[in-house]
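Sequence first, then the predicted structure:
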Amino acid sequence: MAPTPLTELRTAPHVRRDISVERIMRNVVLALLPLLAFSFWQYGLSVLALTVVVTGTCLATERFFNWMSGSASTLPDWSATITGLLLALVLPPSFPLWMGAVAAFVSIALGKALFGGLGHNVFNPALVGRAFVQAAFPVSITTFVPAYLPGRFSGFIPSTFTLPLMTPPDISGWVKTRLLDGMSQATPLARWKFDNQLTGLEDFLSGAATASVGETSALLILTCGLYLAARRFMDWRIPVAVLGSTALVAWAFNLAVPDRYPTPEFVLLSGGLMLGAVFMATDMATSPVTPLGVWIYGAVIGVVTVMIRYFGGLTEGVMYAILLGNALAPLIDQWTQPRVFGARRRGRAGEKPS
Amino acid sequence: MGNMERDEMATRRASGGWLSLPFSLPFRRKTLAPADALNLLKQVSLRRTKSFAHGVHPEGNKSTAGTPIRRLPFAPRMTLPILQHIGKPAVPTVQVGQEVVRGQLIARADGFMSVPLHAPADGVVEAIEPRPTAQGTWVDSIVIRVYEGSVQELCWGSPRDMDAQTPEEIVQAVWDAGLVGLGGAAFPSHVKLSPPKDQPIHTLVVNGCECEPYLTCDHRMMLELTDDLLAGIGYAMRAVGATRAVIGVEDNKLDAVAAIRHALPADGSISVEAVPTKYPQGAEKMLIHSVLGLDVPPGRRASEFGVVVNNVGTLAMMGRLLPQGHGLSERVVTVTGPGIARPGDYWVPIGTPMRHVLAWAGAPDVTEREIILGGPMMGQAVASLDVPVTKGVSGILVFDGRHVQAEENRTAKPCIKCGECLKACPMGLNPSMLGMLAGKADYETMGAEYHLGDCFECGCCTFVCPSNIPLVQQFRVAKAVLRKRAGARAMA
């Protein structure tokens, strides 16, 4: 008898769906590229420099921690790239590059590597970095330049190349020399909060409203989000829950005191809500997995966002709302375990068929 | 409703509803009468709500569905393990050197949870000794050297008048035939047909889903053994006292639905339903949900709700064997996969060595290829080609080296909590959480708080996991450990 040939022994299932972490992440990166391109068109070279520095620092930090822990490089899974791109999108275009590098380092180091890397992190890494620089550099993170400034492709915003550990120069004078009529340096939320001025809908949709790098065009963000949701690389329920609950609460406030509180459209389109709802809150590792949990998580983020905006000292609340949601996610998961097939809601036995 | 109309209905249901109408044009009428449109709408909406939630859609790969079942010649030697079913091993009734005739009883059942064995061919018993089986264990096996010129006609056995049989006699006849669940579980059929006396059965659910990719043996049997199948359903109904039977067939096998509809008895006791093609539609609780709308709660049995489920292959063999008094000595096996030159469904005598089947079906060089017994979702890899085809083998699947290499290159990454496994799990479990607990070897929590016991190992979670985490594999380990601990506690 011939010797028994060697056969590879494996346990079922022997076929897999054509899906991988890399593929999901690659598609998220793909969906973020239009936002960056649009932002480049609006703000020019400074945005490009900021994106390159922030993303580069994220990748370098990730690789450094791989090396420290003696594990294989995790750069090919694209997750550090996503963190870098997302972080760049939530910083002001005039943000000094060295501060961006600090934010990127903190994102990966404190937000991800210390928890054990991809999948183990509790908070969205990009938002951890953003929260750090919000506290560390309160002036720079709230200094904005208007979009579509002339000469944006031929030079940088003066604050971009601030030397490390130096205070960036005041750019308001520089902006004034190029400012077109009717453009403001303040974000719509700040103008509403401090001056009680509402920004028009068309400014939001065209991206003319002042904002962080990637927060200007709600339409573009939604389109990119739709692509991801349609290809099942993103949970559509989270943005729907966040935006839905935000709109609902804002609508109720607006109904009660129309003079004091803005319309739901304004609340939805202003600030980082759209970007946060579509790209930040949907981060898989830091959001709940249970069917009911996802809705609760989204609703919490929406409600907290409105509360911070209306009653907090800050003009924007999306970042802290999402971080709070991240912190609650494991608890929400625990409370909302899915119902096992055939189990009755109130513990009744199954019914006989008719 | 005439048969023509029924077929037309079936075809319409297969077309996938409204949306696919312009592309496949399933019926050649120019206009759609309002009543028809309403009917169609009803069916479409019925289909939507009928199936169980979640599940996955693997590639069908059922290329062998169109080829009739062929016969396999006898191998020179047959190996029959005395344990091919769930339960106690059979007891050999033949001695070494004894001549046997195809269909002759060669091992008797040892107690109720055991089934007899029958000789697959004329020959002489060469040995009764431990031989390797596909499960990896060595089991006492009856080895028969087949006489050249042994014919495939079954001569052993005495015909019975099935109409005169009492339910008890039918169960006994099923037992004597050595029938087990041919879908892969190999659970003794007579036990399944003997539900507890305090649980009256009203419905027999017949599983014609064949939701595993690649497999087509049930499909071919429904087409070619339709009358045997309906006869077998009738016997099973009488055995359990069911007043009706529902055959659930996935809607990728509409020709089988049509064939069965043509042959249905006039009294309306048996019906056939097309259910959506989705894995694991053929799982007992899923199918009961899909065809009856009944959810069997966790930890309960279908028979407590008056339902018994049987596989079409088992019932077709029941209808074929019982009137003749034959024993189960051959079965239909799908031999397919990228590594097979002549894929198809074959009548394979029980005990035929895998090597013989593969040689015949055209797998010239099987070294380093992956051979799966059963379907790719729940089947089992075999280490040796010298193991025999047993009663529970529904398919032999040969992958090629490329597929094996791709599988080997998979490395598990940490869970990114994408939640795909929750969307896939037909039992509504949380495989993500279970996987994390398995990583910490916290099996007790898995069992006590996360319903590990309700997992029936369909493999959907592993199938969808983008991180390549071997979830269902971990759950099998966890369940085995828990069983062992429970056993140890019971001993103490």
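All right, it came through fine.

How many residues are close by the residue in the stretch 1-150 of chain B that chain A sits nearest to?
Distances between the stretch 1-150 of chain B and chain A by CB to the nearest CB are smallest at B:P58, namely 5.8 Å. Heads up, the C-betas are built off the backbone N, CA and C, glycines and all. For B:P58, the neighbour count with other CB atoms under 10 Å in any protein chain shown is 22.

Could you double-check that it lies in contact with B:P280?
No - using CB atoms under 8 Å, B:P58 makes no contact with B:P280, being 10.2 Å away.

Can you give me the pLDDT of the residue of the stretch 1-150 of chain B closest to chain A?
Among the per-residue scores, B:P58 shows a pLDDT of 93.

Can you name the helix or strand that it falls in?
Assignment of secondary structure by DSSP states H and E places B:P58 within no helix or strand.

ranges for the helices of chain A?
A:21-43, A:45-69, A:79-89, A:97-111, A:125-136, A:172-178, A:188-195, A:201-206, A:218-230, A:237-256, A:264-269, A:273-275, A:291-311, A:318-335 (DSSP state H).

tell me the centre residue of chain B?
B:G183 (1.6 Å; CA atoms, centre = their mean).

got the phi/psi numbers for the closest residue to it other than its chain neighbours?
Excluding the flanking residues, the one nearest B:G183 by CB to CB, 6 or more residues apart in numbering or on different chains is B:N311, at 3.8 Å. Per-residue torsions, B:N311: phi -80, psi 150 (degrees, to the nearest 10).

lowest average confidence, helix or strand, in the chain?
No chain specified, so I'll use chain A. The weakest-scoring helix or strand in chain A, judged by mean pLDDT, DSSP states H and E, is helix A:201-206 (a mean of 72).

wrong chain, I was asking about chain B
Within chain B, no helix or strand scores below helix B:21-24, which has a mean of 40 by mean pLDDT, DSSP H and E.

Pull the contacting residues for B:C460.
B:54-56, B:279-280, B:377, B:421, B:424-426 (CB atoms under 8 Å, 6 or more residues apart in numbering or on different chains).

for B:D218, same thing?
B:183, B:208, B:210, B:311-313, B:394.

can I assume it sits in a helix?
Yes - according to DSSP: H, G, I helix; E, B strand; the rest coil, B:D218 belongs to a helix.

And for the helix or strand hosting B:S432, what's in contact with it?
Per DSSP H and E, B:S432 falls inside helix B:431-439. Residues external to helix B:431-439 that are found in contact with it (CB under 8 Å, 6+ apart): A:289, A:333, A:337, B:415, B:417, B:419, B:421-422, B:424-425, B:443, B:445-446, B:450, B:452, B:455, B:461, B:469, B:471-472, B:474-475, B:477-478.

Strands of the stretch 351-492 of chain B, start to end?
B:370-373, B:380-381, B:395-399 (DSSP state E, counting those that start in this stretch).

What residue in the stretch 51-200 of chain A comes nearest to chain B?
For the stretch 51-200 of chain A, CB to the nearest CB, closest residue to chain B: A:G119, 3.5 Å.

Turn the helices of chain A into a markdown table, columns for distance to B:Q165 and mean neighbour count.
Shown next, in a markdown table, are these (distance: least, CB to CB, whole Å; neighbours: other CB atoms under 10 Å in any protein chain shown):
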| stretch | distance to B:Q165 | mean neighbour count |
| --- | --- | --- |
| helix A:21-43 | 58 | 19 |
| helix A:45-69 | 71 | 20 |
| helix A:79-89 | 66 | 28 |
| helix A:97-111 | 73 | 23 |
| helix A:125-136 | 71 | 23 |
| helix A:172-178 | 96 | 12 |
| helix A:188-195 | 82 | 18 |
| helix A:201-206 | 78 | 16 |
| helix A:218-230 | 58 | 18 |
| helix A:237-256 | 56 | 19 |
| helix A:264-269 | 73 | 20 |
| helix A:273-275 | 72 | 28 |
| helix A:291-311 | 50 | 21 |
| helix A:318-335 | 56 | 20 |
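
Which of those has the lowest mean pLDDT?
Looking at those, the bottom one is helix A:201-206 with a mean of 72.

Grab the most central residue of chain A for me.
Closest to where the C-alpha atoms of chain A average out (CA atoms, centre = their mean) is A:M280, at 3.0 Å.

what's that residue in contact with, if anything?
Neighbour list for A:M280: A:86, A:90, A:124, A:126-127, A:272, A:318-319, A:322 [criterion: CB under 8 Å, 6+ apart].

With respect to chain A, which of the contacts of B:C460 is nearest?
After measuring the contacts of B:C460 against chain A - CB to the nearest CB - the closest member comes out as B:M377, at 4.6 Å.

just checking, that closest one touches B:Q281?
No - at 11.6 Å, B:M377 does not count as touching B:Q281 under the criterion of CB under 8 Å.

Need the residues touching each of these two.
Between them, B:M377 and B:Q281 share no contacting residue under CB under 8 Å, 6+ apart.

Spatially nearest residue to A:N66 (excluding sequence neighbours)?
Per CB to CB, 6+ apart, closest to A:N66 is A:S73, 5.3 Å.

Quick check, pLDDT for that neighbour.
pLDDT at A:S73 comes out at 91.

so B:E129 is in which element?
Assigned by DSSP H and E, B:E129 belongs to strand B:123-132.

How about the contacts made by B:H190?
Neighbouring residues of B:H190 by CB under 8 Å, 6+ apart: B:115, B:171-172, B:174-175, B:179.

biggest helix in chain B, by residue count?
Ranked by residue count and defined by DSSP H, the top helix of chain B is helix B:471-491.

Identify the residues contacting A:Y227.
With contacts defined as CB under 8 Å, 6+ apart, A:Y227 is in contact with A:A31.

A:V240 versus that one, what's the distance?
16 Å (CB to CB, to the nearest Å).

Over to A:A186?
Using CB to CB, A:A186 is found at 30 Å from A:V240.

The nearest residue to the residue of the stretch 1-150 of chain B closest to chain A once chain neighbours are set aside - how many residues pack around it?
Distances taken as CB to CB, 6+ apart put B:P213 closest to B:P58, at 4.8 Å, once the chain neighbours are dropped. By the criterion of other CB under 10 Å, B:P213 has 21 neighbours.

Which member of the contacts of B:D218 is positioned nearest chain A?
Distances from chain A to those, taken by CB to the nearest CB, are shortest for B:S394, at 13.3 Å.

And the pLDDT at that closest one?
Per-residue confidence (pLDDT) for B:S394: 94.

quick one, what contacts it?
Per CB under 8 Å, 6+ apart, neighbours of B:S394: B:182-184, B:212, B:215, B:217-218, B:313, B:333-334, B:374-375.

Just confirm B:M78 is within a strand.
Yes - assessed with three-state DSSP, B:M78 lies in a strand.

which ones are touching the closest residue to it other than its chain neighbours?
Distances taken as CB to CB, 6+ apart place B:G351 nearest to B:M78, at 3.5 Å, with adjacent residues excluded. B:G351 is in contact with B:78-80, B:120, B:144, B:388-390, counting by CB under 8 Å, 6+ apart.

so can I have TSV of the residues you listed showing distance to A:A80 and pLDDT?
Shown next, in TSV, are these (distance: CB to CB, whole Å; pLDDT from 0 to 100):
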residue	distance to A:A80	pLDDT
B:M78	59	95
B:T79	56	95
B:L80	58	96
B:P120	61	94
B:I144	63	96
B:P388	53	94
B:V389	51	94
B:T390	51	94
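
So which residues on the stretch 251-400 of chain B come close to chain A?
Proximity of the stretch 251-400 of chain B to chain A, by CB under 8 Å from any CB of the partner chain, involves residues B:285, B:289, B:292-298, B:300, B:305-307, B:366-372, B:374, B:376-386, B:397, B:399.
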